[in-house]
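In: A predicted structure for the sequence below; I have some questions about it.
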Amino acid sequence: MRHRRHIELIPAESIKGRGTAGRIEHRFSAATHVPEDDGWGLLDQQASEEQLPPRTQVIEEQVKSIVASNDSPDISFDFSINPYRGCEHGCVYCYARPTHSYLNLSPGLDFETRIIAKVNAAQRLRETFGKRGYRPALINIGAATDAYQPVERELRITRSIIEVMHDWQHPFSVVTKSAGVERDLDLIAPMAAQRLAAVYVSVTSLDRELARILEPRAAAPHRRLRTIETLAKAGVPVGVSVSPMIPFINEPELERILEAAAAAGASSAFMVVLRLPWEVNPIFQDWLQRHYPQRAERVMARVREMRGGRDYDADFSQRMTGEGVWAQLLAQRFRKAVARLKLDREREALDTTRFRPPPGAHPQRELF
């Protein structure tokens, strides 16, 4: 029997532009709350009050460190920076949703509307680079949540991080599904020319209507393709992520997405199959029932086929690729398409030898 966590739903009118329909209780919750009318009509009053779409709340955080290390063998980088916790894009499948549980917030609607902004990120990065014995290695920006989500337009935390990378000549990559990355081309393009920067754009579907409900506040598909084109024309190595592949939802588009990305100027590609860790599982299944009720059982049957009969398996050997015949066929389709489209080039090898402290970074050392 599969355990299904309670999701406190809000009126459908209130979720326009949001990926989830409510606040799911996180896995550390001690109790389950189910709304019940006590005879005073308070539930009707609450429903009336919740007609306004939930607004985004930014919570500023002063962090002690900003660079996270990674020892997962199935991830291509060892270090990452996430300027934000939570993501306003609202992608229903986002594997980072469960991280909001550690904040005693819901991985559902809170993940999309309660954004933690690491406002001193650039200062902490300068301190990290300035430590005696620091050795540069590729840092990925936006590994968990999108570094160019809407709040970045005003807060500019990601830009401040890239400015530090630029000053110290430190290599980095960015993964995003936002056109906002174009704003920072004045920094990214010159660094790319020195093999210090690369960008990967996530294109999950070419279907505008599917993208609108799957990733409600991310850039539209055609806009992401234009971003790939803009980056490529500026000389930035740009790859495409066709992730996640969801059986019978966006999976039929796999080859078309790769063709469109190649035509726009992408030079490499990678793919990850749908992952449903922790609270992402009930959130995604609720989304399926709301938007594709006639297809939901078929989708989940195929997901379980790829996961050894379970909804999810976190084993490093197959969590990104899945297992079984269907996963093998999907991987085969991907390999053939990227070879045909010449998207099978190795990811850009960035240069760590250019790393240098900017003038004045070590004032005490300059006395000797």
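Out: Sure thing, it's come through.
In: which residues touch stretch 69-82?
Out: 66-68, 118, 121, 125, 137-145, 147, 161, 173, 316-317, 319-320, 347 (C-beta atoms under 8 Å, 6 or more residues apart in numbering). Where C-beta positions appear, they are placed from N, C-alpha and C, glycine not excepted.
In: extract the CA atoms of it and return them as PDB.
Out: The C-alpha trace of stretch 69-82 is given here as PDB (Å, rounded to 0.1, in the frame of the first residue of the first chain):
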ATOM      1  CA  SER A  69      30.300  20.200  -2.400                       C
ATOM      2  CA  ASN A  70      29.000  17.100  -4.200                       C
ATOM      3  CA  ASP A  71      30.100  13.500  -4.000                       C
ATOM      4  CA  SER A  72      27.400  11.900  -6.000                       C
ATOM      5  CA  PRO A  73      29.000   9.800  -8.700                       C
ATOM      6  CA  ASP A  74      26.200  10.500 -11.200                       C
ATOM      7  CA  ILE A  75      26.600  14.300 -11.200                       C
ATOM      8  CA  SER A  76      29.200  15.900 -13.500                       C
ATOM      9  CA  PHE A  77      30.400  18.600 -11.100                       C
ATOM     10  CA  ASP A  78      31.900  18.600  -7.600                       C
ATOM     11  CA  PHE A  79      30.800  22.000  -6.400                       C
ATOM     12  CA  SER A  80      27.700  24.100  -6.800                       C
ATOM     13  CA  ILE A  81      26.100  27.400  -5.800                       C
ATOM     14  CA  ASN A  82      22.400  28.000  -5.300                       C
END
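In: report the separation between R159 and V238.
Out: 19 Å (C-beta to C-beta, to the nearest Å).
In: let me fix that: S160
Out: S160 is 23 Å from V238, by C-beta to C-beta.
In: those two: which has the busier surroundings?
Out: Using other C-beta atoms under 10 Å as the criterion, S160 and V238 rank with V238 on top: 27 against 17.
In: can you tell me which residues contact that one?
Out: A198, V199, Y200, V201, I228, L231, A232, G265, A266, S267.
In: switch the cut-off to 6 Å
Out: Applying C-beta atoms under 6 Å, 6 or more residues apart in numbering to V238 gives the contacts V199, I228, L231, A232, A266.
In: list the buried residues of whichever helix or strand the first one is part of.
Out: Using DSSP states H and E, the element containing V199 is strand 197-202. Of the residues in strand 197-202, those scored as buried under the neighbour-count criterion (16 or more other C-beta atoms under 10 Å) are A197, A198, V199, Y200, V201, S202.
In: mind pulling up the pLDDT for the last one?
Out: Per-residue pLDDT puts S202 at 98.
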